[in-house]
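In: here's my sequence, what's the structure:
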Amino acid sequence: VQLQASGGGLVQPGGSLRLSCAASGFRLDDYDIGWFRQAPAKEREGIFCSSRDGTTYHPNSVKGRFTVSRDSTKNTTYLQMRDLQPEDTGVYYCARAGGCHYPETDFDYWGQGTQVTVSS
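Out: Residues are numbered from 1 along each chain as shown. Next comes the predicted model:
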């Protein structure tokens, strides 16, 4: 079982990025997938979760700016981010869980993280 996050980079404020989370060893559609962010000197926080039934969960800080999609044919989920701001800077991780309501410690497989830097 493996998750591989990619797509991070340097972007100017107001810009967009699309992160990918490719799953192997299991079927993505059988699980809920969370996205987490760890900003410098801060604790890791959950920023988006998509359940296998299509329900999504996210904090107000990303509402209207971040969306998630899944491509079952590629066994990959995507985090589309727009209107990025410096406070969105951090390492982004995807992780697998049986349910979005599970505590972070119950997300059992994690991608390696991809760096997003928002700076002018």
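
In: so what's residue 76 closest to, chain neighbours aside?
Out: residue 22 (4.6 Å; Cβ to Cβ, 6 or more residues apart in numbering). C-beta: built from backbone N, CA, C; applies to glycine.

In: give the next helix or strand downstream of the helix or strand that contains that neighbour.
Out: Following DSSP states H and E, the helix or strand that holds residue 22 is strand 17-24. Following strand 17-24 in sequence order, the next helix or strand is strand 32-38 (DSSP H and E).

In: if you count neighbours, what's buried in that next one?
Out: 32-37 (16 or more other Cβ atoms under 10 Å).

In: between those residues, which is nearest residue 72?
Out: residue 33 (12.4 Å; Cβ to Cβ).

In: quick one, what contacts that closest one?
Out: By Cβ atoms under 8 Å, 6 or more residues apart in numbering, the residues touching residue 33 are 21, 23, 49-50, 68, 70, 77, 94-97.

In: same for the one helix or strand in the chain whose mean pLDDT sits lowest, what does it pack against?
Out: Within the chain, confidence by mean pLDDT, DSSP states H and E is lowest for strand 56-57 among all helices and strands, at a mean of 91. Counting contacts by 3 or more Cβ pairs under 8 Å, 6 or more residues apart in numbering; DSSP states H and E, strand 56-57 is packed against strand 45-50.

In: for burial, what's the neighbour tally of the residue nearest to residue 76?
Out: 18 (other Cβ atoms under 10 Å).

In: per-residue pLDDT, it?
Out: Per-residue confidence at residue 22 stands at 98 (pLDDT).
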